[in-house]
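Peer 1: predicted structure and sequence below. I'll ask about it afterward.
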Amino acid sequence: MKIRKYIAVLFIAAMFLPLFSAKAEKEVKDNQFNIQDVVFEEQDDVLELDFDTTGHLPSGFDPYANEVSIQTIQFMEEDEVELDFDTTTYLPENFDAYNK
């Protein structure tokens, strides 16, 4: 009879065991991320490559010469794109891509 009681107690304890671990995970999720706690490290090490990059870059290339800004990018605009197939077979009837 005592063995059944011990087995029952162990079974009940095993059922409640996941509840304790779930509570611990919830506490970890409640912690807020603080950007002030992040430590940034600057490295002055030179990156050594095992090959010569001059053959792959334009002559006089300097990656630090100019800063890239959105105004320096030239966009190409094309109003119509010519496809080599009929798209109506793949779209529903009365399909309008610009209908909101």
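Peer 2: On my side now, so go ahead. Numbering: from 1, shown residues only.
Peer 1: could you use CA atoms for every contact and neighbour count after this?
Peer 2: Fine.
Peer 1: spell out the residue ranges of the helices in this protein.
Peer 2: 2-30 (DSSP state H).
Peer 1: show me the shaky parts of it.
Peer 2: 20-31, 68, 100 (pLDDT under 70).
Peer 1: tell me which residue is most central in it.
Peer 2: Closest to where the C-alpha atoms of the chain average out (Cα atoms, centre = their mean) is F33, at 17.4 Å.
Peer 1: distance of that residue from V81?
Peer 2: Using Cα to Cα, to the nearest Å, we find F33 at a distance of 46 Å from V81.
Peer 1: do F40 as well
Peer 2: The value you get for F40 to V81, if Cα to Cα is used, is 47 Å.
Peer 1: how about T53?
Peer 2: Going from T53 to V81 by Cα to Cα gives 37 Å.
Peer 1: of the two, who's got more company?
Peer 2: More neighbours surround T53 than the other of T53 and V81, with 9 against 6 (other Cα atoms under 10 Å).
Peer 1: export only the CA atoms of stretch 78-95, formatted as PDB.
Peer 2: These are the backbone C-alpha positions of stretch 78-95, laid out as PDB (Å, rounded to 0.1, in the frame of the first residue of the first chain):
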ATOM      1  CA  GLU A  78      10.100  52.300 -67.000                       C
ATOM      2  CA  ASP A  79       6.400  52.600 -67.300                       C
ATOM      3  CA  GLU A  80       5.700  49.400 -69.100                       C
ATOM      4  CA  VAL A  81       7.400  46.000 -68.800                       C
ATOM      5  CA  GLU A  82       7.100  43.700 -71.800                       C
ATOM      6  CA  LEU A  83       6.600  40.100 -70.800                       C
ATOM      7  CA  ASP A  84       6.900  37.200 -73.300                       C
ATOM      8  CA  PHE A  85       3.700  35.500 -72.200                       C
ATOM      9  CA  ASP A  86       0.100  36.300 -71.600                       C
ATOM     10  CA  THR A  87      -0.600  37.000 -67.900                       C
ATOM     11  CA  THR A  88      -4.300  36.900 -68.100                       C
ATOM     12  CA  THR A  89      -4.300  33.100 -68.000                       C
ATOM     13  CA  TYR A  90      -2.600  33.200 -64.500                       C
ATOM     14  CA  LEU A  91      -4.800  35.900 -63.000                       C
ATOM     15  CA  PRO A  92      -8.500  36.000 -61.900                       C
ATOM     16  CA  GLU A  93     -11.100  37.600 -64.000                       C
ATOM     17  CA  ASN A  94     -11.300  41.500 -63.700                       C
ATOM     18  CA  PHE A  95      -8.000  41.500 -61.900                       C
END
